[in-house]
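> here is the input, now give the coordinates:
(one chain, ligands or ions: 1)
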Amino acid sequence: MEFTHHRPLPSREGSGIENNMAIKSESKMKEMIRRLDAAVTIQEQKGCCQSVKQALEDIVRSGEDFLDPHFLIPADGRYARRLVHKDPNDRYTVLAMVWDKGQGTALHDHAGHWCVECVYRGRIQVISYSLEGDPDTELVKFHREIEIMAGPGEAGALIPPFEYHTIANPDDTPAVTIHVYAGELDHCYIFNPVEGGFQREYRELTYTA
Ligand SMILES: [Fe+2]
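Numbering: from 1, shown residues only. This is a model prediction of the structure:
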């Protein structure tokens, strides 16, 4: 996963009027969905992901809060994973994830789906891996590829077969990320280190309340 680094975020507009803020959040959300709807019409995966990535970066870098506060609440025990938007034509879903202090993922795949991930608040550490072997039939090996520390407005894409990584929050404060997946990701595989390599394990993916 390659993350694009940018200049620091511009300062926020401070209207101080709640209604005005709510309208702005809604229009920012609508703008995001409109941009994503356009991006997913691109058939070629790399171009599609590039366009999704650009949309997320532009929207987040505007500096406005557009996720409802309940999307920012950490969960006990594991990272929070909530559905923000499901495309009515099932082409993509948008999720918000919250990474509390010390929370992260196991090494995992994305069940063959492309995905684009953008930091909304805080920072995350992303380590990408390449796979050696066939997880259908044997223990596999992983080669550590790129380690990235990403902050707000920085996005990266994973396009199969390069779809293996870990995500962790390196800081003491919660981080929030926005994820766009091709379709709805209801499962993935995690990879557990065992003697001689990594063993694949099916993992059902659910949404946090
Ligand atoms: Fe992931």
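
> any idea which helix or strand comes after the worst-scoring helix or strand of the chain on mean pLDDT?
Least confident helix or strand of the chain, by mean pLDDT, DSSP states H and E, is helix 18-39 with a mean of 87. Scanning forward in sequence from helix 18-39 by DSSP states H and E, the next helix or strand is helix 45-61.

> okay, strands next: where are they in this protein?
80-86, 92-99, 107-108, 115-121, 124-132, 141-150, 155-158, 164-168, 175-182, 187-194, 197-204 (DSSP state E).

> what comes up buried for the longest one?
The neighbour-count check on strand 141-150 (16 or more other C-beta atoms under 10 Å) flags 142, 148, 150 as buried. Heads up, the C-betas are built off the backbone N, CA and C, glycines and all.

> TSV for these, including pLDDT and distance to Ala55?
What follows is these, written out as TSV (pLDDT from 0 to 100; distance: C-beta to C-beta, whole Å):
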residue	pLDDT	distance to Ala55
Phe142	97	30
Ile148	96	20
Ala150	98	17
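
> how about CSV for the residues you listed, with distance to Pro74 added?
Shown next, in CSV, are the buried residues of strand 141-150 (distance: C-beta to C-beta, whole Å):
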residue, distance to Pro74
Phe142, 28
Ile148, 22
Ala150, 19
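
> tell me the one of those nearest Glu31?
Of all the buried residues of strand 141-150, Glu31 sits closest to Ala150, with 22.2 Å by C-beta to C-beta.

> follow-up on the earlier one: in TSV: the strands of the chain, plus distance to Arg34.
As requested, those are exported to TSV (distance: least, C-beta to C-beta, whole Å):
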stretch	distance to Arg34
strand 80-86	11
strand 92-99	12
strand 107-108	30
strand 115-121	16
strand 124-132	26
strand 141-150	25
strand 155-158	18
strand 164-168	27
strand 175-182	14
strand 187-194	28
strand 197-204	32
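
> quick revisit: counting contacts, what elements does the least confident helix or strand of the chain pack onto?
Packing partners of helix 18-39 (3 or more C-beta pairs under 8 Å, 6 or more residues apart in numbering; DSSP states H and E): helix 45-61, strand 80-86, strand 92-99.

> export these to JSON lines and append columns for distance to Asp171.
Formatted as JSON lines, the helices and strands packed on helix 18-39 follow (distance: least, C-beta to C-beta, whole Å):
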{"stretch": "helix 45-61", "distance to Asp171": "18"}
{"stretch": "strand 80-86", "distance to Asp171": "16"}
{"stretch": "strand 92-99", "distance to Asp171": "9"}
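
> what's the closest of these to Tyr189?
strand 80-86 (16.3 Å).

> now do that closest one: everything it contacts.
29, 32-33, 67, 70-71, 73-74, 93-98, 178, 184, 205-208 (C-beta atoms under 8 Å, 6 or more residues apart in numbering).
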